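Trainee: please work out how this folds:
(one chain, ligands or ions: 3)
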Amino acid sequence: MAVHEITHPLIQHKLGIMREVGTSTKHFRELASEVGNLLTYEAGRTLATESVEIENWTGSTLTVQRIKGKKITVVPILRAGLGMLDGVLQLIPNAKVSVVGLYRDEETLEPVPYFDKVIEDVEDRTALIVDPMLATGGTLIATIDLLKQKGCQRIMGLFLVAAPEGIEAVTKVHPDIEIYVASIDERLNDQGYIIPGLGDAGDRIFGTR
Ligand SMILES: O=P(O)(O)OC[C@H]1O[C@H](OP(=O)(O)OP(=O)(O)O)[C@H](O)[C@@H]1O
Ligand SMILES: O=c1cc[nH]c(=O)[nH]1
Ligand SMILES: [Mg+2]
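Mentor: Ligands and ions are numbered 1, 2, ... in the order given. Below you'll find the predicted structure:
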């Protein structure tokens, strides 16, 4: 699996504020969206373009580049993935959005799926999964399983923070995907939380704790 840790100063600055325990819900949510935007910019480097001819302001024909083919479906994982969605869509406003819902059982740490509304022609699109946290990797593996079952052939993922254990687990099952992450942190704790991490990203985005 290709893993890109994006150590850009703007991303690291914003992530550093998110790590502070006193950062407000409003600020945390804004930063999740902003880092989502910057990760999209990085991931977008790999999109294929094609030449099209336009008429320019002088009335002559000019060849310009456009993103090729049927493009992208963004796949936010409920709930926390919604916190990054606006920032992603700012850069790819025409993308279709395929929402999936999974939560992690607090005892077993296994992902529990509860919703999916994936676009019908997903086999013709690149899926861009968005979720702030890649911890044990269970949620990401289940989401990739679902997308592949529906015929999706190219899958990328954007994460704020990932644990090495989760990256290893996903690599074993789905070595063909590509991820962009703002930070690969040290480890998981006994409860499956990323250390140092952000805490519970969903609760911090929605203000539920
Ligand atoms: O890699 P894993 O060990 O599977 O954990 C990562 C998942 O856990 C969090 O979601 P959570 O279950 O807290 O749901 P929420 O977004 O509704 O808070 C996070 O947003 C990921 O989806
Ligand atoms: O550290 C973690 C792990 C899973 N989910 C979170 O929100 N945070
Ligand atoms: Mg949560």
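
Trainee: D105: what's it in contact with?
Mentor: P111, V112 (Cβ atoms under 8 Å, 6 or more residues apart in numbering). Every C-beta, even on glycine, is put in place using the N, C-alpha and C of the backbone.

Trainee: mind checking pLDDT for it?
Mentor: Looking at D105, its pLDDT reads 96.

Trainee: for the helix or strand containing G166, give the mean pLDDT please.
Mentor: G166 belongs to helix 164-173 when assigned by DSSP states H and E. What helix 164-173 shows for mean pLDDT is 98.

Trainee: report the buried residues of it.
Mentor: Neighbour-count burial for helix 164-173, counted by 16 or more other Cβ atoms under 10 Å, picks out E165, G166, I167, A169, V170, T171.

Trainee: check which element follows the lengthiest helix in the chain along the chain.
Mentor: For the chain, the longest helix by residue count, based on DSSP state H, is helix 25-43. Once helix 25-43 ends, the next helix or strand along the chain (criterion: DSSP H and E) is strand 49-55.

Trainee: in the very next helix or strand once past that following strand, what's buried?
Mentor: Using DSSP H and E, the next helix or strand after strand 49-55 towards the C-terminus is strand 61-67. Of the residues in strand 61-67, none count as buried by neighbour count, 16+ other Cβ under 10 Å.

Trainee: equivalent analysis for stretch 153-162, please.
Mentor: So, applying 16+ other Cβ under 10 Å, buried residues of stretch 153-162: R154, I155, M156, G157, L158, F159, L160, V161, A162.

Trainee: before we move on, what about stretch 40-53?
Mentor: T40, Y41, A43, G44.

Trainee: quick one: contacts for the residue nearest to T63 when sequence neighbours are not counted?
Mentor: Nearest residue to T63 in three dimensions, chain neighbours excluded: S51, at 5.0 Å (Cβ to Cβ, 6 or more residues apart in numbering). Going by Cβ under 8 Å, 6+ apart, S51 touches T63, V64, Q65.

Trainee: thinking again about what came up before, with distance to ligand 2 and secondary structure added, can I get the buried residues of stretch 153-162 in CSV?
Mentor: Conversion of these to CSV gives the following (distance: Cβ to the nearest ligand atom, whole Å; DSSP: H, G, I helix; E, B strand; the rest coil):
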residue, distance to ligand 2, secondary structure
R154, 26, strand
I155, 20, strand
M156, 20, strand
G157, 15, strand
L158, 15, strand
F159, 11, strand
L160, 10, strand
V161, 7, strand
A162, 10, strand
